[in-house]
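> Got a predicted structure here, sequence first:
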Amino acid sequence: MLKHLHMTARQWKIVLKWALYSLLFLVTLVAQDVILAKHPIFGIKLTVVPLLIVCVCIREGPESGGVFALITSVICCYSGADYGNVSVALLPVCSILAAVFCRRVLTLRFLSTLLCCLLVLLIHETVILGLKVLLTPISPKNLFTVVLPRVGLSLPALLIQYPLAKTIHKTGGSHDL
């Protein structure tokens, strides 16, 4: 059955591109959940996986990037992320909106990607903090003591993720088969 599988060179490049994106996602997830969780910076655990999801969604467009965002947010949920079930709904929607905003209003540059990642990460962390305030006895003042420092300390990871995502995007070409 497999000997009838004929793929063109362009289709193999697309498969390679998504395999590299998946590998980058898994490395980022392991780095966040194993390394950065054990060694918080100034007592703050960093959130770098949503940055990668938004970056890939912006690079690949809202259609393919949205599918990537949905699949990776489900994997994050099953990996035991903090309020991961909220991320399954929130991250794909915010990533798709950021990709549309970045492609229609801004240009595909680093600073526009940084701005969109900042907005998505602020929304993501604020919604999670809001749920924690509703479900547990946590003060809403944690917005300034937890969310803003977490977002500020997580954004420099985009300096590594953006060039890698840009290089992977150039590797694969168009996503249309």
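Yep, it's here. Numbering: from 1, shown residues only.
> CA only for contacts and neighbour counts going forward, please
Noted.
> Run through the residues that contact Val54.
69, 95, 98-99, 116-117, 120 (CA atoms under 8 Å, 6 or more residues apart in numbering).
> Tell me the buried residues in stretch 149-161?
149-151, 153-155, 157-158, 161 (16 or more other CA atoms under 10 Å).
> hang on, the earlier thing: which of the contacts of Val54 has the most neighbours?
Neighbours here are counted as other CA atoms under 10 Å. On that basis the top member of the contacts of Val54 is Ser95, with 31 neighbours.
> who's in contact with it?
53-54, 57-58, 62, 65-66, 69, 120.
> Same list as before, the contacts of Val54 that is, but in a markdown table and with pLDDT and distance to Asp33 included.
A markdown table is the format used below for the contacts of Val54 (pLDDT from 0 to 100; distance: CA to CA, whole Å):
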| residue | pLDDT | distance to Asp33 |
| --- | --- | --- |
| Ala69 | 92 | 18 |
| Ser95 | 92 | 21 |
| Ala98 | 92 | 25 |
| Ala99 | 92 | 26 |
| Cys116 | 91 | 23 |
| Cys117 | 91 | 20 |
| Val120 | 92 | 20 |
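> next SSE after the helix or strand of the chain with the lowest mean pLDDT?
Lowest mean confidence among the helices and strands of the chain (mean pLDDT, DSSP states H and E): helix 142, at a mean of 71. Secondary structure here is assigned by DSSP states H and E; on that basis, the next helix or strand after helix 142 toward the C-terminus is helix 148-154.
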